[in-house]
Structure formats: C-alpha cells, structure tokens
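K.L.:
I'll drop the sequence and a predicted model, then ask my questions.
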Amino acid sequence: MSRIFRDPLFHFAIVGFALFFLFSALGQAESDADSSEIRVDRETILTFIQYRTRSFDREMAERRLEALSEEDVNRLVDEYLREEVLYREGLGLGLDADDYVIRRRLIQKVEFLAEGFASAAVDLTDEDLQAHFEANKQDYFVAPSITFTHVYFDKAKHGDAALALAADALTRLNAERVPFSGAPGQGDRFPFHLNYVERTYDFVASHFGPEMTEALFALTAEDGIWQGVFKSPYGAHLVMVTSVSQGQDANFEDVKTRVTEDARRVRLEADKEAAIANIAAEYDIEIDLGPGAPE
C-alpha cells in the first residue's frame with residue numbers, strides 16, 4: 001500500500017481530484033456573486049485566511065483564527081466584506097472582461113492552488129532524496145576555499161618600492177614570529193579585507209586578481225609562516241595561509257537538508273504541471289494559425 005502512496009500517478013490523481021472540487025467551488029462562488037446577499041460564517045473566514053496567507057492549510061487557518069481577539073476577528077470580517085463587495089461590483093460592471101491583468105492573476109491563482117494541493121501529496125523517501133542527489137551532484141560540489149591573512153604595501157603610495165618594502169617585511173615578520181592575529185597594523189590599509197576565512201577562488205580573485213589568486217591556491221598551508229612576495233593590481237602582499245581546501249564532491253549527509261528542499265521543489269513542479277496537463281486534456285483544442293504559419 002505504501003508504494004501506491006509514493007507513486008507519482010497517485011499524486012496526480014489526488015491533485016486532479018482536488019482541483020475538480022476547487023473548480024466546482026469556484027463555479028458556486030460565481031453564482032453567489034450574482035446575488036445581493038453576502039453570508040459570512042466560520043468557513044468563509046477560514047478560507048479568507050488561507051487565501052491571505054497563501055497557505056491552504058486548514059489546521060493552520062483554524063489556529064490563527066482561534067488566536068485572534070474579538071476585535072481582530074471583527075476587523076478580519078470587515079476586510080473580507082470590503083473585498084467581497086468590491087469584487088462583486090467589479091463583476092457586475094463587467095470589469096473582468098478582456099482584462100489581461102485579471103487573466104494573469106487568475107492563472108497565477110490556479111497555479112498556486114494546484115501547487116498547494118500537490119504539496120500535500122508529496123512524500124519523499126530517503127531513496128528519492130539519494131536519487132536526486134546522485135542525478136544532480138554537480139549542484140552540491142564543494143568549491144575550493146582558502147583561509148589566510150595578509151600584509152599589504154600600496155603601489156599607488158610607494159610605487160616600485162612596494163616590492164622591496166614587502167621583501168624586507170617578509171624577513172622581519174618571520175624573524176619576529178608575528179602570528180596570524182598580528183597582521184593588523186602591518187603595512188598599508190587594503191581596500192577590501194584583512195582576513196579571508198574559507199573564501200572561494202572567485203571571491204578571492206575579485207579582490208586580488210586571477211594571477212595572485214592562482215598562486216595563493218597553489219600554496220601549502222603553513223600556520224605561523226609568512227609567504228610572498230605576491231603582486232596584485234593594488235600592490236605587493238605577504239600572506240599567512242592556515243588552510244587550503246581543494247574542490248570536492250559533497251557528502252550526501254552534509255547536504256541532505258538542501259537536497260530535500262531541492263527534490264521537493266522539483267517534485268512539486270512536476271506534479272503541478274501534470275495536474276495542469278490533465279485539466280488541459282479535458283478541452284477540445286483546435287489550433288489554426290492561418291497561412292504562412294510554421295509547420
């Protein structure tokens with residue numbers, strides 16, 4: 001029995017069944033719009049809350065309604081009545097006819113409803129998640145990263161002497177065993193950051209240029225040792241690298257939360273589109289683009 005509930009065709013059937021009743025309800029709402037009587041009861045307000053929150057979860061709506069004060073409930077009723085009156089007047093004046101904005105809103109509304117019903121039917125197993133992960137491993141690739149601090153000598157300030165100043169500072173910093181935390185106050189102020197912690201190649205390259213970044217990622221991490229001299233478009237640098245991580249495929253358990261979100265989104269979209277396709281199948285569709293149309 002559990003295999004039946006996980007079958008996508010079963011999901012499509014559930015969504016289609018729910019949409020059938022939805023459209024029946026909408027048909028009833030259209031007939032109500034022709035009446036001058038407006039009835040507001042608990043069901044009306046619960047439905048109103050679900051539309052307002054864009055979450056078709058009755059239990060959630062009931063909890064929200066129960067949590068409201070009498071004043072808040074009365075305000076909610078007033079808001080519903082205002083919308084309902086204006087809606088009916090708009091229909092009565094024919095303002096919905098040939099209005100593309102309204103057409104798009106209705107389309108979006110039905111799509112949202114279809115997605116809401118599809119969401120209730122989605123139940124992903126660990127096997128489903130593992131299959132999604134294996135099929136989309138490139139999306140979870142762990143990019144190379146590096147952690148380092150640096151001492152900077154400004155080319156605009158020192159000119160060609162920046163390289164010589166950096167070379168002298170390299171000898172001094174290592175002789176004095178200046179630690180990672182001792183970088184502040186050394187050299188000149190860099191336009192960006194002093195410390196770079198687990199930063200990707202692209203991020204570092206955006207600050208130091210590709211040539212220096214390539215050289216940094218080729219280094220061996222040596223905590224306590226200053227290395228250089230490196231040139232960027234801004235000047236000369238000495239660096240202390242504490243870690244370099246090469247790119248690697250992610251471990252499933254480490255990214256399971258992301259995989260779950262992604263797999264659920266893909267399944268929801270597939271179920272929604274299948275439900276809409278089932279609706280379209282009920283129509284007799286004739287296409288005539290006239291002479292000159294592509295075959």
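P.N.:
Received the coordinates, thanks.

K.L.:
show the average pLDDT along the host helix or strand of R104.
P.N.:
Per DSSP states H and E: R104 is located in helix 100-121. The average pLDDT within helix 100-121 is 73.

K.L.:
go on, stretch 42-50?
P.N.:
89.

K.L.:
do the same with stretch 157-177
P.N.:
Here the average pLDDT along stretch 157-177 is 96.

K.L.:
got the residue ranges for the strands in the stretch 151-295 of the chain?
P.N.:
Using DSSP state E, counting those that start in this stretch, the strands of the stretch 151-295 of the chain run over residues 195-200, 227-232, 235-245.

K.L.:
between strand 235-245 and the second one, find me the angle.
P.N.:
Taking axes from the mean of the first three to the mean of the last three CA atoms, to 10 degrees, one finds strand 227-232 and strand 235-245 inclined to each other by 110 degrees.

K.L.:
what residues are bridge-paired with T147?
P.N.:
S243 (DSSP bridges).

K.L.:
the one 5 residues further on now?
P.N.:
Here Y152 sits in beta bridges with D188, H237, going by DSSP bridges.

K.L.:
can you report how many residues neighbour it?
P.N.:
24 (other CB atoms under 10 Å). Glycine gets a C-beta too; all of them are placed from N, C-alpha and C.

K.L.:
local confidence estimate at it?
P.N.:
98.

K.L.:
separation between it and Q186?
P.N.:
9 Å (CB to CB, to the nearest Å).

K.L.:
run through the strands of the stretch 1-150 of the chain in chain order.
P.N.:
So, for the stretch 1-150 of the chain - with DSSP E, counting those that start in this stretch - the strands run 145-154.

K.L.:
what does stretch 238-248 contact?
P.N.:
141-151, 166, 169-170, 173, 180, 183, 187, 198, 216-217, 219-230 (CB atoms under 8 Å, 6 or more residues apart in numbering).

K.L.:
show me what counts as buried in that stretch.
P.N.:
L238, V239, M240, V241, V244 (16 or more other CB atoms under 10 Å).

K.L.:
lowest-confidence one in those?
P.N.:
V244 (94).

K.L.:
tell me, how many residues neighbour the closest residue to D262 other than its chain neighbours?
P.N.:
Nearest non-adjacent residue to D262, counting by CB to CB, 6 or more residues apart in numbering: H132, 6.7 Å away. Close neighbours of H132, defined as other CB under 10 Å, add up to 19.
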